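*Asks:* quick one: sequence and predicted model below, then my questions.
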Amino acid sequence: MKITKNFSLKELTFSSTAERAGLENLPSDEQLVAMTMLSSNILQPCRDKFGVVTINSCLRGEKLNALVGGSSKSQHCKGEAADFECYSVSNKELAEWVIANLDFDQIILEFYKPEDPHSGWVHCSYSRFGDNRKDVRTASRDATGKIVYTEGILNA
């Protein structure tokens, strides 16, 4: 089933963790609506601009989210968020383009290192209710390995 011109339900729900655990990762009607809006407003415009978009994670059911250590408040559980990359540009450039050109709820440049432009990934969410916050952050790890979220897009 196609969600947009270039994105299918299968790639937005795929999870090797879910497969290994024998979990179905199928959307409810509300999650399907949210994933369609995310795809139409974030993923497809990125594909149109940069070419192939690789989805690392989109929909995560409650059990799958717990297995991967996701936050109980994760927008992935609602179908409103995706972690993705476009190999034709750095993840930092991808995040900056989304910020400058698209409406979004939250964008996080996760674990990017300037010496490796394709390190990390971009997490982006879109609220199906139209109340997008335009929250911009960078995720990194401190000396103890704890994840730290900093406001704005940083080099590292």
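*Replies:* Everything's here; your move.

*Asks:* which residues in this protein form helices?
*Replies:* 9-13, 16-21, 29-38, 44-50, 62-67, 91-101 (DSSP state H).

*Asks:* helices or strands next to the third one in the packing?
*Replies:* Helix 29-38 is packed against helix 9-13, with contacts defined by 3 or more C-beta pairs under 8 Å, 6 or more residues apart in numbering; DSSP states H and E. For glycine as for every other residue, the C-beta is placed from the backbone atoms N, C-alpha and C.

*Asks:* same check, this time on the shortest one
*Replies:* Counting contacts by 3+ C-beta pairs under 8 Å, 6+ apart, the secondary-structure elements packed against helix 9-13 are helix 29-38.

*Asks:* how about 10 Å then?
*Replies:* helix 29-38, strand 54-57 (3 or more C-beta pairs under 10 Å, 6 or more residues apart in numbering; DSSP states H and E).

*Asks:* same thing with the last one?
*Replies:* Under the contact criterion of 3+ C-beta pairs under 10 Å, 6+ apart, helix 91-101 touches helix 44-50, strand 81-85, strand 106-110, strand 121-125, strand 135-141.

*Asks:* tell me the buried residues in it?
*Replies:* 91-92, 94-99 (16 or more other C-beta atoms under 10 Å).
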